[in-house]
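Chemist: fold the following.
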Amino acid sequence: MARPPAAAAPQAPQVIQPASGPPDRSYLAALDIGTNSFHLVVARVIGDDPTAYEVVTRQKETIRLGHGGGDMKVLSPDAIDRGINALRRMSSIAASFGAPVRAVATSAVREAENADVFIGRA
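Modeler: Numbering: from 1, shown residues only. Model (predicted):
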């Protein structure tokens, strides 16, 4: 009776050495929290020049944060929920790049009587 062929010896995994020295690129994310839409931009900073960057992804979501709040002095519960859900999605995108997020909000959030509710949930 013939013997089955011997199994090949397992190959050692290829090891890739990281580049020496500090990385020359890092990621940053900017989030614009607007009255009607949220905009996220994730960029890779190139080299040591903070003004040199490459946008790697953009995301825009229509939230209508100011909708349903009457005279826009109060953010409606539905608008807050829409905003928080969008923030979660956009934060997840930024996190997938390891990018810290810098967020700015328009007066609809800053001046709302219940801004603390939105900010507290964010």
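
Chemist: pretty sure Thr35 is touching Thr106, no?
Modeler: Yes - taking C-beta atoms under 8 Å as the definition, Thr35 is a contact partner of Thr106 at 5.3 Å. In this view, the C-beta of every residue, glycine as well, is placed from N, C-alpha and C.

Chemist: which one's more surrounded, the two?
Modeler: Thr35 (17 against 14; other C-beta atoms under 10 Å).

Chemist: how close does that one sit to Ser76?
Modeler: Thr35 sits 13 Å away from Ser76, going by C-beta to C-beta, to the nearest Å.

Chemist: what does Arg89 give?
Modeler: Taken as C-beta to C-beta, the span from Arg89 to Ser76 is 20 Å.

Chemist: more neighbours: these two, which one.
Modeler: Between Arg89 and Ser76, counting by other C-beta under 10 Å, Ser76 is the more crowded of the two (18 against 13).

Chemist: I'd like to know how many residues surround Asp48.
Modeler: Applying other C-beta under 10 Å, I find that Asp48 has 8 neighbouring residues.

Chemist: ok, what's across the strand from the nearest residue to Val104 once chain neighbours are set aside?
Modeler: With C-beta to C-beta, 6 or more residues apart in numbering as the criterion, Val104 has its nearest non-adjacent residue at 6.0 Å, and that residue is Asp32. Note on Asp32: beta-bridge partners His39, Val104, judged by DSSP bridges.

Chemist: who touches the residue most central in space within the chain in this structure?
Modeler: For the chain, Ala94 is the residue whose C-alpha lies nearest the centre (C-alpha atoms, centre = their mean; 2.4 Å). Neighbour list for Ala94: 27, 29, 31, 40, 42, 100-101 [criterion: C-beta atoms under 8 Å, 6 or more residues apart in numbering].

Chemist: same check on Ala30?
Modeler: Contacts for Ala30 (C-beta under 8 Å, 6+ apart) come out as 40-41, 43, 101-104.

Chemist: would you say it is within a strand?
Modeler: Yes - assessed by DSSP: H, G, I helix; E, B strand; the rest coil, Ala30 belongs to a strand.

Chemist: which stretches of this structure have low pLDDT?
Modeler: Applying pLDDT under 70 to the chain picks out residues 1-25, 68-72.
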